[in-house]
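**Q** How does the following fold in three dimensions:
(one chain, ligands or ions: 1)
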Amino acid sequence: MAYDVVIIGAGMSGLSAGIRLAYFDKKVCILEKHSRIGGLNSYYKKGGHEFDVGLHAMTNFVARRDRRKPLMRLLRQLRIGYDELDLSEQTRSSVRFNDKTLYFTNDFNTLKAEIADKFSAQIDGFIKLTDHIDSYNELDINAKTFPAREVIDKYITDRLLSDMLLCPLMFYGNAKERDMDFWQFVIMFKSIFEEGFARPFEGVRRILRILKNKYNECGGELRLGSGVKKLTTANDGSLRVVLDTGETIEAKKVISSAGYVETMRLCNSSDEPDEVPPGKMSFMESLYLLDKTPADLGIEDTIIFYNNRERFDYKNPDTLIDEKSGVICCPNNFAYDTPLKDNILRVTNIANSDLWERLSKNDDEYARAKETSMRLTRNAISQYVGDFHSSILYTDSFTPATIRRYTDHINGAVYGTEEKIRSGKTRVDNLYICGTDQGFLGIVGAMLSGITVANLYALK
Ligand SMILES: Cc1cc2nc3c(=O)[nH]c(=O)nc-3n(C[C@H](O)[C@H](O)[C@H](O)COP(=O)(O)OP(=O)(O)OC[C@H]3O[C@@H](n4cnc5c(N)ncnc54)[C@H](O)[C@@H]3O)c2cc1C
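**A** I've put the predicted structure just below:
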């Protein structure tokens with residue numbers, strides 16, 4: 001018998017869509033190519049140590065009483081209790097451009113006070129920009145969009161400040177080089193600056209366990225190790241989903257979180273050109289296990305967004321990585337009740353996926369390149385976090401090639417295509433897109449996207 005809905009991918013968006021559909025008694029099956037759930041936000045064990053892949057922080061932190069905020073709305077839709085997430089707030093984060101620093105916390109007034117203090121001539125413009133952002137409905141999928149810089153420039157005349165504001169928002173959710181869409185800017189501004197960061201004590205494992213248990217309780221079916229190779233349409237408009245094993249599954253509707261270009265390639269013959277170019281913004285992540293807490297090394301911030309250039313330049317680099325800007329994350333620096341078992345420092349840098357793909361074909365060269373890149377990054381961040389070399393117990397790293405291998409996203413593009421498919425519709429009847437390429441990024445965004453697409457196209 002045909003499924004009501006087949007979902008491609010058991011990442012945050014696919015699992016969330018699955019919960020909604022299974023809760024309303026749809027016959028639903030999630031097909032996940034890999035042997036583990038989580039997609040871009042999974043976890044792994046290496047050298048006896050446990051690491052998260054994606055989670056630096058959950059954005060959209062909200063004190064539990066504010067029921068209108070995105071996090072509370074999504075928890076209600078998924079019937080998950082706020083306390084189940086066991087969230088601890090960030091202590092304080094910063095944007096550091098050489099000798100200029102802006103601190104921010106989960107209280108938006110901290111950022112306002114910082115701007116009033118360090119960019120006094122810009123504070124009135126910043127407040128007007130904030131009013132404009134607050135009045136914009138970023139969730140309207142038909143809203144017109146413009147380049148964010150065009151709008152920001154109307155309110156903020158100091159390019160250093162606009163770059164410092166854009167830096168965290170771009171690193172945590174921008175598929176475009178150098179500029180971002182205004183609606184995307186608004187989503188990220190609200191979720192990072194106005195709402196803020198938090199983390200479950202157990203990291204991403206806790207979020208994934210909650211989603212998987214909820215999906216199972218509602219009666220949804222999950223098949224791991226089940227890659228989708230092809231999608232074809234039957235005469236009655238239903239879809240035939242062909243797996244890598246050759247098995248065929250019938251579904252009235254398919255919701256795919258595999259990415260827009262990736263999904264359309266499942267429908268097309270191999271010589272058909274892509275409708276939109278695949279995304280290319282990807283990252284190298286360096287992970288350091290330390291013998292001391294970051295605080296003992298003098299690192300107080302939860303997350304530091306840094307830039308060492310005269311001008312911030314968010315773009316795919318010509319070199320393996322761009323070590324001159326990036327993100328430093330200290331998972332220990334959230335306000336937990338008890339300290340984390342491991343002391344960890346993570347660094348994210350934009351990376352060139354073509355160069356890493358080529359290198360990854362030779363194990364020795366690939367390993368050497370990873371080591372060299374980690375050294376470059378350590379030097380570049382020493383002005384913000386000091387030299388922690390003598391405290392390193394264990395290191396690991398992953399590159400765009402790793403991300404591509406474990407998620408099947410072309411180019412390991414973490415934020416997908418530049419052009420988002422906000423409606424979630426494709427040119428194939430009954431085939432919809434959710435997750436990154438619908439335009440809602442990050443953990444909370446992906447979950448909201450899964451819920452929205454399931455509600456719109458499979459429940460109404
Ligand atoms: C290094 C890194 C750090 C990050 N840090 C944060 C953070 O701190 N905070 C935050 O909010 N977000 C963070 N993110 C982003 C966040 O992880 C993603 O935005 C979110 O997880 C995307 O979820 P998704 O469901 O849209 O897509 P995905 O997680 O990509 O899920 C898609 C799934 O589809 C599967 N799939 C693909 N093709 C097929 C196929 N043919 N057949 C079957 N299955 C298939 C994939 O294996 C994958 O599991 C980070 C990401 C990375 C990589």
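**Q** So residue 399 versus residue 412, what's the distance?
**A** Counting by Cβ to Cβ, to the nearest Å, the gap between residue 399 and residue 412 amounts to 7 Å. Placement of C-beta: from N, CA and C, glycine included.
**Q** can you list residues touching both of these two?
**A** Residues touching both residue 399 and residue 412 (Cβ atoms under 8 Å, 6 or more residues apart in numbering) are residue 356.
**Q** Residues of the stretch 301-450 of the chain that sit close to the ligand?
**A** By Cβ under 6 Å from any ligand atom, the residues of the stretch 301-450 of the chain that approach the ligand are 348, 403, 407-409, 414, 435-436, 441-443, 446.
**Q** what about the helices in this structure?
**A** Along the chain, counting by DSSP state H, helices occupy 12-23, 70-78, 108-118, 123-134, 148-155, 159-171, 182-189, 204-217, 260-267, 353-359, 363-385, 400-407, 442-454.
**Q** correct me, but residue 274 touches residue 261?
**A** Yes - at 5.1 Å, residue 274 counts as touching residue 261 under the criterion of Cβ atoms under 8 Å.
**Q** Looking at those two now, which is surrounded by more residues?
**A** Under the criterion of other Cβ atoms under 10 Å, the comparison of residue 274 against residue 261 puts residue 261 first, with 21 against 14.
**Q** Quick one: residues contacting the nearest residue to residue 444 once chain neighbours are set aside.
**A** Of all residues not flanking residue 444 in the chain, residue 60 sits nearest, at 4.4 Å (Cβ to Cβ, 6 or more residues apart in numbering). Residue 60 is in contact with 69-71, 190-191, 195-196, 444, counting by Cβ under 8 Å, 6+ apart.
**Q** Tell me the one among those nearest to residue 30.
**A** residue 444 (19.6 Å; Cβ to Cβ).
**Q** from what I can see the closest one touches residue 59, true?
**A** Yes - the criterion here is Cβ under 8 Å, and residue 444 meets it with residue 59 at 5.7 Å.
**Q** Could you name every residue contacting both of the two?
**A** The contact sets of residue 444 and residue 59 overlap at residue 191 (Cβ under 8 Å, 6+ apart).
**Q** For residue 63, grab the count of nearby residues.
**A** Residues contacting residue 63 under the criterion other Cβ under 10 Å number 11.
**Q** Check what pLDDT it gets.
**A** Per-residue pLDDT puts residue 63 at 80.
**Q** Mind picking the lowest-pLDDT entry from the residues of the stretch 301-450 of the chain next to the ligand?
**A** For these, the pLDDT minimum is residue 441, 86.
**Q** Just give the nearest non-adjacent residue to that one, would you?
**A** Counting by Cβ to Cβ, 6+ apart, residue 173 is the residue found nearest to residue 441 once chain neighbours are left out, at 4.0 Å.
**Q** before we move on, back to that, which single one of the contacts of residue 60 is nearest to residue 328?
**A** Among the contacts of residue 60, and counting by Cβ to Cβ, the member closest to residue 328 is residue 196, at 17.5 Å.
**Q** Just give the number of residues close to the closest one.
**A** Neighbour count of residue 196, defined by other Cβ under 10 Å: 24.
**Q** can you pull the contacts of it?
**A** 59-61, 89-90, 104-107 are the contacts of residue 196 under Cβ under 8 Å, 6+ apart.
**Q** how about residue 404, what does it touch?
**A** Residues in contact with residue 404 (Cβ under 8 Å, 6+ apart) are 282, 353, 357, 410-412.
**Q** again, only this time at 10 Å
**A** Counting by Cβ atoms under 10 Å, 6 or more residues apart in numbering, residue 404 touches 282, 353, 356-357, 360, 410-413.
**Q** separation between the residue nearest to residue 315 when sequence neighbours are not counted and the ligand?
**A** If the residues on either side of it in the chain are set aside, residue 315 comes closest to residue 177, at 4.1 Å by Cβ to Cβ, 6+ apart. Distance from residue 177 to the ligand, counting by Cβ to the nearest ligand atom, to the nearest Å: 18 Å.
**Q** swap in residue 206?
**A** Distance of residue 206 to the ligand, computed by Cβ to the nearest ligand atom: 14 Å.
**Q** Spatially nearest residue to that residue, not counting backbone neighbours?
**A** The shortest distance from residue 206 to any non-neighbouring residue, by Cβ to Cβ, 6+ apart, is to residue 200 (4.2 Å).
**Q** go on, residue 37?
**A** Using Cβ to Cβ, 6+ apart, the nearest residue to residue 37 is residue 10, at 4.1 Å.
**Q** From what I see, the one you found and residue 31 are in contact.
**A** Yes - in this structure, residue 10 is within contact of residue 31 by Cβ atoms under 10 Å, at 8.1 Å.
**Q** Touching both of the two, which residues are there?
**A** Shared contacts of residue 10 and residue 31, defined by Cβ under 10 Å, 6+ apart, are found at 222-224, 226.
**Q** Looking at those, spot the one nearest the ligand.
**A** Distance ranking of these against the ligand, using Cβ to the nearest ligand atom, places residue 226 first at 6.4 Å.
**Q** What is the burial count for the closest residue to the closest one other than its chain neighbours?
**A** Nearest in space to residue 226, with sequence neighbours left out and distances taken as Cβ to Cβ, 6+ apart, is residue 31 at 4.4 Å. For residue 31, the neighbour count with other Cβ under 10 Å is 26.
**Q** Distance of residue 31 relative to residue 93?
**A** Distance of residue 31 to residue 93, given as Cβ to Cβ: 37 Å.
**Q** before we move on, back to that, and the two most separated of the contacts of residue 404?
**A** Most distant of the contacts of residue 404, by Cβ to Cβ, are 360 and 413, 16.0 Å apart.
**Q** out of these two, which sits in the busier spot?
**A** residue 413 (27 against 19).
**Q** give me every residue that touches the more buried one.
**A** Residue 413 neighbours (Cβ under 10 Å, 6+ apart): 175, 259, 261-262, 278-283, 316, 353, 400, 403-404, 407, 436-437.
**Q** can you do 7 Å?
**A** Taking Cβ atoms under 7 Å, 6 or more residues apart in numbering as the criterion, residue 413 is in contact with 278-282.
**Q** any chance of the residues you listed in a markdown table, plus neighbour count, distance to the ligand and pLDDT?
**A** What follows is the contacts of residue 413, written out as a markdown table (neighbours: other Cβ atoms under 10 Å; distance: Cβ to the nearest ligand atom, whole Å; pLDDT from 0 to 100):
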| residue | neighbour count | distance to the ligand | pLDDT |
| --- | --- | --- | --- |
| 278 | 18 | 13 | 96 |
| 279 | 26 | 12 | 97 |
| 280 | 22 | 14 | 95 |
| 281 | 24 | 11 | 98 |
| 282 | 25 | 8 | 98 |
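**Q** Double-check residue 411 against residue 353; I have them as touching.
**A** Yes - with contact defined as Cβ atoms under 7 Å, residue 411 counts as touching residue 353 (4.2 Å).
**Q** between these two, what contacts are shared?
**A** Contact criterion Cβ under 7 Å, 6+ apart; residues shared by residue 411 and residue 353: 280, 282, 400, 404.
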